[in-house]
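J.: can't give you the sequence, but here's the structure:
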């Protein structure tokens, strides 16, 4: 585990930090300023609720918003119990930990009005790896109510932490029940991890494509700066620049006047994925640092605002675009893989079979890659095309950003597999050609060739694919744009 300490202050959280805490076990602390900010919001929320109706504090929720709740200490517990009704398999521990750190940061931003003591309880849960059991189904992009209600029941001691872990106990006040669970922290936590992972794979795809280009004796003409200055999309230009940097030290003599689309149009197809992923990461980063609460406690004006910041349409739409772009660039990876089994492109036996043998070589890699890409295509359907009318018609829209985040998580696994298949094929081709690249691409080749099995006789390739998938994180920095 990583014992790095991360200070949570309500404004500086990034997707990388979410990953560091959720996966690597970085410890969290909360800044004194954030605690004071939360304390002031808590005091203002109580003061305003004494003077006027406040949704969820002095009223019921949803269609019960007009039902007054007066001095009923059991109301908050009833609210948590009634909303902790998720279903399906439990979310992975890293997703739940991402949720906890996002909710910690949101409360630290000072708009929820929750008792500031909950900051210490959430920090303690994160640092002790106490995981609330969170079922997968229950949210549709307008608040992760089931997930956070279940978390709150663990905090108050009514439900056990996952695996019977000794988690923290905090007596959440009844009036703070809705304020605690009215958040998209689970969706945003998963989105943050997804943005980080997609970025890493998009970077890794560049040196993988570079190895394939070398293996088929392709041309770098398509990456020339004047080409991309003539059509200056940001991602396209940066992908082309990264390819030029990777191939700068190579003596490439192209075997044809122009290459197939997998190479010639790589910047134009991979670039959009870079652009939409950066946009999505910006959207998610903005959300995880926002006091997107309903009602929002306004300390400066000593009031609360009932609003729609709980709706994460921005996040869902951004991630929908990411998955569509990933499908495009993954399909291009499969197209390059197709050239790597062709003797006309590699000068090797068909399917890179062992010399002199009528073997199948790497034939199966194409099947595996296209199987993975079929899932990407299926999961690329926009979640935002759905909607829902709930709570007796009072809540009449949903963007399904939760489903968009989950689909993006699943796409990552498939995309990693497709790229791994191409990497296995490119390294094997270069090895069989006895061609060792120089410069930065040579460094990539050395790291991957050392890890991948050099045997070329017909054999199972599942271990090769798994090894290559693990190598992608290591070579991603070579594709930095």
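T.: Okay, I see it. As the structure is a computational prediction, the values presented were derived from the model and not from experiment.
J.: secondary structure element holding residue 11?
T.: For residue 11, there is no helix or strand it lies in under DSSP states H and E.
J.: tell me who's in contact with the residue lying closest to it once chain neighbours are set aside.
T.: Distances taken as CB to CB, 6 or more residues apart in numbering put residue 289 closest to residue 11, at 5.2 Å, once the chain neighbours are dropped. C-beta here means a position set from N, CA and C on the backbone, and glycine is covered the same way. When contacts are counted by CB atoms under 8 Å, 6 or more residues apart in numbering, residue 289 touches 10, 11, 12, 13, 105, 109.
J.: just the buried ones from these?
T.: Buried members of these, counted by 16 or more other CB atoms under 10 Å: 10, 11, 13, 105, 109.
J.: quick one: pLDDT of the residue nearest to residue 11?
T.: Residue 289 is assigned 98 on the pLDDT scale.
J.: over to residue 56?
T.: On the pLDDT scale, residue 56 gets 74.
J.: list the contacts of residue 325.
T.: So residue 325 contacts 272, 273, 275, 276, 277 (CB under 8 Å, 6+ apart).
J.: out of these, who's nearest residue 136?
T.: residue 277 (24.0 Å; CB to CB).
J.: what about the closest one, distance to residue 8?
T.: 25 Å (CB to CB, to the nearest Å).
J.: kindly report the same for residue 323.
T.: In terms of CB to CB, residue 323 sits 30 Å off from residue 8.
J.: and if you look at residue 357?
T.: 60 Å.
J.: ok, these two, which is more surrounded?
T.: Just comparing residue 357 and residue 8: by other CB atoms under 10 Å the higher neighbour count belongs to residue 8, 26 against 12.
J.: any chance of CSV for the contacts of residue 289, columns pLDDT?
T.: Putting the contacts of residue 289 into CSV (pLDDT from 0 to 100) gives the following:
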residue, pLDDT
10, 97
11, 96
12, 95
13, 98
105, 98
109, 96
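J.: which pair of those spans the longest distance?
T.: Farthest apart among the contacts of residue 289 by CB to CB are 12 and 109. That separation is 10.7 Å.
J.: so residue 44 touches residue 299, yeah?
T.: Yes - shown here, residue 44 and residue 299 form a contact pair, counting by CB atoms under 8 Å, at 5.2 Å.
J.: what is in contact with the two at once?
T.: Both residue 44 and residue 299 lack any common contact, where contact means CB under 8 Å, 6+ apart.
J.: quick one: residue 298 from residue 336, how far?
T.: Here residue 298 is placed at a distance of 54 Å from residue 336 (CB to CB).
J.: kindly report the same for residue 243.
T.: On the measure of CB to CB, residue 243 and residue 336 end up 13 Å apart.
J.: how about residue 446?
T.: 21 Å.
J.: when these two are compared, which one has more neighbours?
T.: Between residue 446 and residue 336, residue 336 has the larger neighbour count (other CB under 10 Å), namely 27 against 12.
J.: quick one: residues contacting that one.
T.: 209, 212, 216, 260, 262, 263, 422.
J.: roughly how far does the last one sit from residue 23?
T.: Read that as residue 422. 26 Å.
J.: so the two - more neighbours on which side?
T.: Each of residue 422 and residue 23 has its neighbours counted (other CB under 10 Å); residue 422 has more, 27 against 16.
J.: any idea which helix or strand carries the more buried one?
T.: Per DSSP H and E: helix 401-433 holds residue 422.
J.: may I see the buried residues of that helix?
T.: Residues of helix 401-433 classed as buried by neighbour count (16+ other CB under 10 Å): 401-409, 411-412, 414-432.
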